[in-house]
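Trainee: Sequence first, then the predicted structure:
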Amino acid sequence: MQADSPSRLTAADVVRLAGGRLVGAAEVAVTGVAPLDRAGPGDLSFVASSRYLSHLERSRAAVVLCTPEFASAPGPETRIVVDDPYAALLVVVPVLYPAAPRDAGVHPTAIIGPGTRWDGAVSIGAYTVIGRDVQLGRDVVIGSGCVIGDGVEIGDGSVLYPQVVCYPGAIVGARVILHAGVRLASDGFGYVPGASGQEHRKIPHVGRCHVGDDVEVGANTTIDRGSVDDTVIGNGTKIDNLVQIGHNVRIGARCIIMAQVGISGSTIVEDECIIAGQAGLAGHFTVGRGARIAAQSGVDRHVPPGTTVFGYPARERREYLRTLAAMNRLARIAGQLEHLVEQHGQDTR
Amino acid sequence: MQADSPSRLTAADVVRLAGGRLVGAAEVAVTGVAPLDRAGPGDLSFVASSRYLSHLERSRAAVVLCTPEFASAPGPETRIVVDDPYAALLVVVPVLYPAAPRDAGVHPTAIIGPGTRWDGAVSIGAYTVIGRDVQLGRDVVIGSGCVIGDGVEIGDGSVLYPQVVCYPGAIVGARVILHAGVRLASDGFGYVPGASGQEHRKIPHVGRCHVGDDVEVGANTTIDRGSVDDTVIGNGTKIDNLVQIGHNVRIGARCIIMAQVGISGSTIVEDECIIAGQAGLAGHFTVGRGARIAAQSGVDRHVPPGTTVFGYPARERREYLRTLAAMNRLARIAGQLEHLVEQHGQDTR
Amino acid sequence: MQADSPSRLTAADVVRLAGGRLVGAAEVAVTGVAPLDRAGPGDLSFVASSRYLSHLERSRAAVVLCTPEFASAPGPETRIVVDDPYAALLVVVPVLYPAAPRDAGVHPTAIIGPGTRWDGAVSIGAYTVIGRDVQLGRDVVIGSGCVIGDGVEIGDGSVLYPQVVCYPGAIVGARVILHAGVRLASDGFGYVPGASGQEHRKIPHVGRCHVGDDVEVGANTTIDRGSVDDTVIGNGTKIDNLVQIGHNVRIGARCIIMAQVGISGSTIVEDECIIAGQAGLAGHFTVGRGARIAAQSGVDRHVPPGTTVFGYPARERREYLRTLAAMNRLARIAGQLEHLVEQHGQDTR
């Protein structure tokens, strides 16, 4: 979480941080970052594409990070010429907007169960409720109003934003970020279906929900615990808001899972897959390493490693686009085709 | 939030409030509103369509609001004849179900950070945690268990239901309604992707999340803050439950965004668009003023103003329906077409 | 919620609980359940399909529940031969993982409004806020950080996990389970649309949200209250995570509604329907008893009882698959068809 009171850097400071060649006055100062068209006289801005040259020309930014090709394009006089303005921003922004200081220690209203322990400094927010025998690593930060169940483990340096709930069975790695409203290790959706007129019987869930190191989980995302087996999220995987991950799912390392994706029970997603927004994966198959699943796709079978799939039911991207194009071409001559069949055709199916 | 103890109105009171012509006894009283088939002898009901005349005939309602054409249709004797029964209900219901009285003032368990201030009367619920330097307008109501980050601003007359979280960077206008579980200004989903085997690096988010006046946001909806630029929701826009709005998205005024819609980063939606349930908008394009996007559509390019789009990938509605109809016609003669090709055809692609 | 400290059962104990025929040592003990490939020497495991025989052979499980056909397949020596290993697990797991003891009584930080009452023992968690005139049945369990509005009713034996919000108007039956972050009876999404440039006017919501007996509702699911009529969830219906149910929806008994499904206002779903993940139902029609709706389908009209529908717009499954297959066949000969039309065709539309 960034503070809302940015600090002040001169153009020379920015060069010291991010490298590059200074054009113009070294002492010009900035206190914020903004895109060219919205930047004011206290802002640092950036340009990396000729699409924005007209914005550059009219920009009121104090200092502009730009690639060498735009070093002398019309616009604000003070420039810092770098190879990659985005990479430079990644270095400058955390200095310009220092993280808000954490309230150290345990808020007096936090309730901590017996047997719960931690190493070194932790920060626990107001009205947070922590159960029995919970283990927290060094420098763990738990926001206000979280509820952490019995026996949960949270690794070093992890940050929980307000109102996260971890049911018992959640095991969270190091340097993990859980955003507001995340629900970890809730019961999976499993019933022994009743015959008509009979109740569905709930399957007890006693598996765990393992979240690896360096994972980030977006706001209001839900990840169920396993039934008998575990649900596992691999190291370095990033998950957006409002995603649903069912029981016994196994996701590999460094995957990117975008908003509102749904992954049904017992699906396996190997390392470094990218699953775009609102895609759905039916359960009990494997998405191979490095596969990409397009937005809103509905995947109902194995996806080979490295392939890109598309549509519903999802198919290999090129095949899907070819079929779609053929359909549009045929739709245009549908009447003629019907006429041909009337003249010559007979049903041979 | 309506109270659960409705008040009591006579037919004459209803006429005084909503206008119309009274047929039957002026002193008949109602204490609730219900549809014709479920109304009891203390209820006001309504009819505006001949589809419901059989319900009207059997209804036990005490008083019925009806259009002139149904003034003498069989059914309950006491009628109030109006041009628009729905408009009449909009006037009567808030009187019949007065809003529950707010607990005035700040609950003793609310925690308020230094520098936070407000104008006039506010209501702050139990176990709500408000950070530093927060600004609240007149008559702001914050429910129980909310968490409001440092520097957040909330305008006059806005209502936050329980368990809303506003991260720092949220700026909320006047007369806004945020339902339970809304997350405003959480970090957007942005990373500098790592090469294979390398970590994805998180892009810091320092933009704001501006919510205009008269906006309503449904339960468990998430709206991210901008990365460098801001995320903006225009005045009078209404957003349903479980919607996801990504970083740097700009939504105009008076849009209607239905449940489970997802809008990816940097999309622009102009004024008065309607986006139906579960539709998804990929990022970095513009949906023109007054456009309509059908349910479950997947939009991946600019949508001209005033058009209606449909399907995945979304196309202009008429074109989409024409293609769909042609497909269904061709599917019926697929065998005959294959036969024709066998007889005459050769691949000319 | 299962405890994290399982108890200890011998193979003989398991037979006593679940029936079956013991093969091997009666005194071998287990303290957990795990799938064959992850089971350790203190675990009970299970096999019911020849697909897993290689896992069985290498398994380190102490005891294996198996069907008669696998009684002597290579693998761990101690077996319990039963007709249905899953049914046996349903009996054994709750004994092996006894439910964590509830903290009896009302936590001293819980805030209870005037007029609220309960029968017998209840458990109310820390920092939970309960309004006025709320009625709780026997043995109700309310987790930490819940907010229960004025006049809400919750039946015997129901369990609310942490951070559930029930607005006024929620009526919850007996033995209901509401997972973390459920929002019951929030206002439906209803406005009288404004003409261009005019505000949309909010329709007040005064209907109720009735949840029947034995219903389970997943994490972060939202169910709106009715506008004038009620929203109703029938007995024994099971709802997964992140589902949206709109105002005035009526869902029958024993339905299964999977994750991220959206059901628009005034839809009727009859008993024993199954709605798979991410499906969307537009409002104002009926899904007949026992119908099945495939994942991601978009349903926009009545669905006859007992049918299975598929796709967007959803159609009867067989018809949908037939059309899809025909499309794929025609796409392969699209070029030839165009050539035929060029040679012979003329537009007859």
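Mentor: Nice, I can see it.

Trainee: end to end, how far does stretch A:259-267 reach?
Mentor: 18 Å (CA to CA, to the nearest Å).

Trainee: Just the buried positions in it, please.
Mentor: For stretch A:259-267, a neighbour-count test (16 or more other CB atoms under 10 Å in any protein chain shown) marks A:259-267 as buried. (C-beta placed from N, C-alpha, C; glycine too.)

Trainee: Reformat those residues as a markdown table; add secondary structure.
Mentor: Output for these, formatted as a markdown table (DSSP: H, G, I helix; E, B strand; the rest coil):
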| residue | secondary structure |
| --- | --- |
| A:Ala259 | coil |
| A:Gln260 | coil |
| A:Val261 | coil |
| A:Gly262 | strand |
| A:Ile263 | strand |
| A:Ser264 | coil |
| A:Gly265 | coil |
| A:Ser266 | coil |
| A:Thr267 | coil |
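
Trainee: Closest one of those residues to B:Val129?
Mentor: A:Ala259 (26.7 Å; CB to CB).

Trainee: What does the pLDDT read for that closest one?
Mentor: What the model reports for A:Ala259 is a pLDDT of 98.

Trainee: what do you get for A:Asn235?
Mentor: 98.

Trainee: Excluding sequence neighbours, find me the nearest residue to it.
Mentor: A:Gly212 (3.8 Å; CB to CB, 6 or more residues apart in numbering or on different chains).

Trainee: contacting residues for the one you found?
Mentor: A:173, A:176, A:232-237, A:253 (CB atoms under 8 Å, 6 or more residues apart in numbering or on different chains).

Trainee: From B:Ile203, how far off is it?
Mentor: 21 Å (CB to CB, to the nearest Å).

Trainee: what do you get for A:Tyr320?
Mentor: Relative to B:Ile203, and taking CB to CB, A:Tyr320 is found at 31 Å.

Trainee: cool, and A:Ser264?
Mentor: 30 Å.

Trainee: same deal with A:Gln278?
Mentor: With CB to CB as the criterion, A:Gln278 and B:Ile203 are 22 Å apart.

Trainee: Where does A:Val93 sit: helix, strand or coil?
Mentor: The three-state label given to A:Val93 by three-state DSSP is helix.

Trainee: The stretch 51-200 of chain A against chain B: which residues are in contact?
Mentor: A:86-87, A:89-90, A:93-94, A:96-97, A:100, A:109, A:125-127, A:143-145, A:161-163, A:179-181 (CB under 8 Å from any CB of the partner chain).

Trainee: any idea how far A:Leu23 is from chain B?
Mentor: Just so we're on the same page, residue A:23 is Val rather than Leu. A:Val23 sits 21 Å away from chain B, taking CB to the nearest CB, to the nearest Å as the criterion.

Trainee: Would you mind giving both backbone torsions of the residue of chain A found nearest chain C?
Mentor: Nearest to chain C in chain A, going by CB to the nearest CB, is A:Gly335, at a distance of 3.2 Å. With angles defined as degrees, to the nearest 10, A:Gly335 sits at phi -60, psi -40.

Trainee: Count the residues that sit near it.
Mentor: For A:Gly335, the count of nearby residues is 17 (other CB atoms under 10 Å in any protein chain shown).

Trainee: rewinding a little: most surrounded residue in the contacts of A:Gly212?
Mentor: That'd be A:Ile233 among these, by other CB under 10 Å, with 28 neighbours.

Trainee: which ones are touching that one?
Mentor: Counting by CB under 8 Å, 6+ apart, A:Ile233 has contacts A:210-212, A:215, A:217, A:223, A:239, A:245, A:251.

Trainee: Check A:Pro114 too.
Mentor: Counted by CB under 8 Å, 6+ apart, A:Pro114 has contacts A:132-133.

Trainee: The same query, at a cut-off of 10 Å, please.
Mentor: A:131-133 (CB atoms under 10 Å, 6 or more residues apart in numbering or on different chains).

Trainee: Check A:Val309 too.
Mentor: So A:Val309 contacts A:279, A:287, A:291-294, A:297-299, A:301, A:303, A:315-317, A:319-320 (CB under 10 Å, 6+ apart).

Trainee: So A:Val249 sits against A:Asp224, correct?
Mentor: Yes. Shown here, A:Val249 and A:Asp224 form a contact pair, counting by CB atoms under 10 Å, at 8.0 Å.

Trainee: residues shared between the contacts of those two?
Mentor: A:188, A:209, A:231, A:265.

Trainee: Among the residues you listed, which ones lie close to chain C?
Mentor: A:188, A:265 (CB under 10 Å from any CB of the partner chain).

Trainee: Perfect, that will be all.
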